[in-house]
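K.L.:
A predicted structure for the sequence below; I have some questions about it.
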Amino acid sequence: MAIYHLHAKVISRATGRSAVAAAAYRAASRLHDVRLDRDHDFSNKSGVVHSEILLPDGAPERFLDRATLWNEVEAIEKRKDAQLAREVEFSIPREMTQAQGIALARDFVREQFVERGMVADLNVHWDIGEDGQAKPHAHVMLSTRSVDENGFGAKERSWNDKELLLTWRGRWASLANERLAELDLDVRIDHRSFVAQGIDLEPQNKIGPAGMRREERGEDAERVADHLEIARRNGERLLAEPHVALEALTRQQSTFTRQDLARFVDRHTADAEQFSAVMVRVEACPELVALGKDGHGRERFSTRAMIGVEQRLEEASFAMGQSQGHAVPLAVRRAAMARDGLGDEQALAVGEVTKSRDLSVVVGYAGTGKSTMLGVARAAWEEAGYRVRGAALSGIAAEGLESGSGIESRTLASLERAWERGFDRLERGDVLVVDEAGMVGSRQMERVLSAAR
């Protein structure tokens, strides 16, 4: 199963760090450090499958050379406690191929860092763990100063804003989920806390291989001990209530394999004995349902609750698709379909969504003009007397829907919160447009469709 991880930290001279050394390690290369007059050689490091520097508009082309870039950073920073660079590390869903993961990482880095004016040194690592499974992740080293054709300028303090980090965390989840949906992969990641997701487990400290090595040397022992104690408490919780593990798994995917289950239990138990005991309890849980083998010959499972959710989702979808409502007068439909600027497929889509039917689905690749089409459909619906409302999973998607189509939009979460308080409920004369619906989890989509029905 895909795991969410995005962590940002500062590479500082105060802790004895060198930007050149850090860049050499992440790129598995050999770089000469002018300030220290020494080479940093990590060319024997394995697992680096992609390495490149991405420049914002106006940056000098010499920064495409890694040694030049980071030696200039070292030269311009005079303080002994200087912040040399920021690093953002994030996990790539292992369900993707290397080419798909690299493309996703590049798109995220361009959108969130380079377009803000940062120089980004991107390295994608495709390590293989002890369990034989890929552990793909990306390291991005980022400049902390503005840049123009002459080189680096002043420090950009706004890039230190905590709200910006929260934006990055949310956007990585939404962009990765968009790509997973496009690839028809039944898995999602979630940047929210366990509490926000409704998962009744304690969050654990991240202790990677480097942390375990420090613990073996007697360093960070308290942090590792705390991590294991939380894992033990989580394991005890899973022993007492094994259905919690199944609920957590189906928050990310409708079905899962035994290997997915084992990975989850391993992360939330303290040792082999507790792991084995929890696996026995979870696999004997009445909530677990075996579905048979998938196309790769792997046994897949789900839960009674998830099957119930998807049955209700199917029933609501079928009933609304067969129900003839929200008709737009024929003359209005024909005028909308004939609107100047619409392509043939856009015109057909306008005609379909404005038919007498209570549920319509539009599928289209990015850049095919869905927003333009929806803007024309909005005008037709409003001319027919309907109130058009928009919703999407993320705030960015809701803003995009509103700016592209003119449909006043908000997040699905805020819409559901309003419904719970008795406000903004759907009415008979409403048309609700849900953008990027393929990214919405089954539970939430079932709630929304049932409310609409």
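P.N.:
Perfect, thanks for sending it.
K.L.:
contacts and neighbour counts: CA atoms only from here.
P.N.:
Noted.
K.L.:
correct me, but residue 186 touches residue 256?
P.N.:
No: using Cα atoms under 8 Å, residue 186 is not in contact with residue 256; the gap is 9.1 Å.
K.L.:
of the two, which one has the most company?
P.N.:
residue 256 (23 against 16; other Cα atoms under 10 Å).
K.L.:
spit out the contact partners of that one.
P.N.:
Residues in contact with residue 256 (Cα atoms under 8 Å, 6 or more residues apart in numbering) are 1, 249-250, 300-302.
K.L.:
for the protein, which spans come out with low pLDDT?
P.N.:
Along the chain, segments meeting pLDDT under 70 span 1-2, 193, 195-196, 198, 204-221.
K.L.:
care to break it down by domain?
P.N.:
Per the TED database, the domain ranges recorded for the chain read 6-191, 195-303, 323-452.
K.L.:
mind putting these in JSON lines, distance to residue 312 included?
P.N.:
Below are these laid out as JSON lines (distance: least, Cα to Cα, whole Å):
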{"stretch": "domain 6-191", "distance to residue 312": "19"}
{"stretch": "domain 195-303", "distance to residue 312": "14"}
{"stretch": "domain 323-452", "distance to residue 312": "7"}
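K.L.:
quick one: closest of the ones you listed to residue 310.
P.N.:
Proximity to residue 310 (Cα to Cα) singles out domain 323-452 among those, at 6.6 Å.
K.L.:
would you pull up how far that closest one lies from the middle of the chain?
P.N.:
Put simply, domain 323-452 sits 24 Å off its chain's centre (Cα atoms, centre = their mean, to the nearest Å).
K.L.:
repeat for stretch 181-196
P.N.:
With Cα atoms, centre = their mean, you get 6 Å for stretch 181-196.
K.L.:
equivalent analysis for stretch 33-42, please.
P.N.:
Stretch 33-42 sits 36 Å away from the centroid of its parent chain (Cα atoms, centre = their mean).
K.L.:
would you mark the buried spots in that stretch?
P.N.:
Neighbour-count burial for stretch 33-42, counted by 16 or more other Cα atoms under 10 Å, picks out 33-34, 40, 42.
K.L.:
one more: stretch 108-121?
P.N.:
Per 16+ other Cα under 10 Å, stretch 108-121 contains these buried residues: 108-110, 112-114, 117-121.
K.L.:
reformat these as JSON lines; add secondary structure and distance to residue 96.
P.N.:
As requested, the buried residues of stretch 108-121 are arranged in JSON lines below (DSSP: H, G, I helix; E, B strand; the rest coil; distance: Cα to Cα, whole Å):
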{"residue": "108", "secondary structure": "helix", "distance to residue 96": "15"}
{"residue": "109", "secondary structure": "helix", "distance to residue 96": "18"}
{"residue": "110", "secondary structure": "helix", "distance to residue 96": "20"}
{"residue": "112", "secondary structure": "helix", "distance to residue 96": "21"}
{"residue": "113", "secondary structure": "coil", "distance to residue 96": "23"}
{"residue": "114", "secondary structure": "helix", "distance to residue 96": "24"}
{"residue": "117", "secondary structure": "coil", "distance to residue 96": "29"}
{"residue": "118", "secondary structure": "coil", "distance to residue 96": "27"}
{"residue": "119", "secondary structure": "coil", "distance to residue 96": "26"}
{"residue": "120", "secondary structure": "strand", "distance to residue 96": "23"}
{"residue": "121", "secondary structure": "strand", "distance to residue 96": "22"}
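K.L.:
what is the nearest of the residues you listed to residue 314?
P.N.:
Nearest to residue 314 among the buried residues of stretch 108-121 is residue 108, at 33.7 Å by Cα to Cα.
K.L.:
can you tell me the closest non-neighbouring residue to the closest one?
P.N.:
Leaving aside its chain neighbours, residue 108 sits nearest to residue 172 (6.9 Å; criterion: Cα to Cα, 6 or more residues apart in numbering).
K.L.:
state the distance from that neighbour to residue 294.
P.N.:
Using Cα to Cα, to the nearest Å, residue 172 is found at 29 Å from residue 294.
K.L.:
residue 255 now?
P.N.:
In terms of Cα to Cα, residue 255 sits 10 Å off from residue 294.
K.L.:
ok, residue 249 next?
P.N.:
As judged by Cα to Cα, residue 249 and residue 294 stand 18 Å apart.
K.L.:
intersection of neighbour lists for residue 255 and residue 294?
P.N.:
Common contacts of residue 255 and residue 294 (Cα under 8 Å, 6+ apart): residue 300.
K.L.:
which of these two has more residues huddled nearby?
P.N.:
For residue 255 and residue 294, the more surrounded residue by other Cα under 10 Å is residue 255, and the numbers stand at 20 against 10.
K.L.:
ok, now which ones touch that one?
P.N.:
Residues counted as contacts of residue 255 (Cα under 8 Å, 6+ apart) are 186, 300-302.
K.L.:
try it again at 6 Å.
P.N.:
Contacts here follow Cα atoms under 6 Å, 6 or more residues apart in numbering; on that basis residue 255 touches 301-302.
K.L.:
next, name the residue at the spatial heart of the protein.
P.N.:
By Cα atoms, centre = their mean, the chain has its centre lying nearest to residue 173, at 1.5 Å.
K.L.:
which helix or strand contains that residue?
P.N.:
Assigned by DSSP states H and E, residue 173 belongs to helix 162-182.
K.L.:
pull that helix out as CSV, backbone CA atoms only.
P.N.:
Written as CSV, here are the backbone C-alpha positions of helix 162-182 (Å, rounded to 0.1, in the frame of the first residue of the first chain):
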residue,chain,number,x,y,z
LYS,A,162,4.7,27.2,8.0
GLU,A,163,1.6,27.6,5.9
LEU,A,164,3.7,27.1,2.8
LEU,A,165,4.9,23.8,4.2
LEU,A,166,1.3,22.8,4.9
THR,A,167,0.5,23.7,1.3
TRP,A,168,3.3,21.4,0.0
ARG,A,169,2.1,18.6,2.2
GLY,A,170,-1.5,18.8,1.0
ARG,A,171,-0.6,19.3,-2.7
TRP,A,172,1.8,16.3,-2.8
ALA,A,173,-1.1,14.1,-1.6
SER,A,174,-3.6,15.6,-4.1
LEU,A,175,-1.2,15.5,-7.0
ALA,A,176,-0.1,11.9,-6.3
ASN,A,177,-3.7,10.9,-5.9
GLU,A,178,-4.6,12.5,-9.2
ARG,A,179,-1.9,10.6,-11.0
LEU,A,180,-2.8,7.3,-9.2
ALA,A,181,-6.4,7.8,-10.4
GLU,A,182,-5.3,8.5,-14.0
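K.L.:
pull the distance from that helix to the chain's centre.
P.N.:
Helix 162-182 sits 4 Å away from the centroid of its parent chain (Cα atoms, centre = their mean).
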